[in-house]
Structures are given as C-alpha cells and as structure tokens.
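A.B. asks: from the sequence below, what's the structure:
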Amino acid sequence: MGKKRKTSKKKQQKQEDFGTCEFFCTNCDHTFEVEWITIWEIQESTHGYVGFHTFDTYIACPICNEIVENDNTPYEKEAFPSNPF
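C.D. replies: Numbers count the residues shown, from 1 in each chain. Okay, here's the model as predicted:
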C-alpha cells in the first residue's frame, strides 16, 4: 500500500499564432517583421487598448533604431486623404 505520487506535469498553454506585421524602414531600406502579440503588448502598455492597427504604435527599426511608420494600414489612408477636393 504505497502512496501515489502526483505528477507535476504542468499543462502547457497553447498560444495562438496571429502572424506578423511587416514594416519597412525608409532610413536604412530594411524590411522586418514584428509579431502581432508583441505589437499588442506595446499597445496595451502605452495606451491601454489593443487592435489590428499600427498607426499609433511606435516601433523602432532593429538596425538604425529610427521610428518606423507603417503606410499599409487602411485607417491612415481613409482618415487622412491626400487630396480631399
């Protein structure tokens, strides 16, 4: 009549893969990707909400450390038309 040992196997939490967002640095002509999970962590810590947008998220180029602007977001193109008339 021995004791049963409890196995201390922790269940690994499955983390969904939401993909990446691609950025292009015009300063050094470098293209790099950032995972959406990382972008959401930045958004949550800076302004408290998260979303699939990058126009108000400041991401620096890993090579030259300049802030990169992502011109591919549909929000920027619709909200700020270049020629309204």
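A.B. asks: which other helices and strands contact the strand or helix carrying Ile39?
C.D. replies: Ile39 is located in helix 36-47, with elements delineated by DSSP states H and E. Applying 3 or more C-beta pairs under 8 Å, 6 or more residues apart in numbering; DSSP states H and E, one finds that helix 36-47 contacts strand 20-25. C-beta coordinates here come from the backbone N, C-alpha and C atoms, glycine included.
A.B. asks: show me which positions of the strand it packs on end up buried.
C.D. replies: 21, 23, 25 (16 or more other C-beta atoms under 10 Å).
A.B. asks: which among these gets closest to Ile39?
C.D. replies: Cys21 (6.2 Å; C-beta to C-beta).
A.B. asks: which one is the closest one nearest to, not counting chain neighbours?
C.D. replies: In this structure, Cys21 finds its nearest non-sequential neighbour in Val34, 5.6 Å apart by C-beta to C-beta, 6 or more residues apart in numbering.
A.B. asks: can I assume that neighbour sits in a strand?
C.D. replies: Yes - looking at Val34 with DSSP: H, G, I helix; E, B strand; the rest coil, it is inside a strand.
A.B. asks: and the pLDDT for it?
C.D. replies: Looking at Val34, its pLDDT stands at 91.
A.B. asks: next, count neighbours for it.
C.D. replies: By other C-beta atoms under 10 Å, 18 other residues sit near Val34.
A.B. asks: what about the helices in this structure?
C.D. replies: 36-47, 74-79 (DSSP state H).
A.B. asks: buried set for the first one?
C.D. replies: Residues of helix 36-47 classed as buried under the neighbour-count rule (16+ other C-beta under 10 Å) are 36, 39-40, 43.
A.B. asks: right, I'll leave it there.
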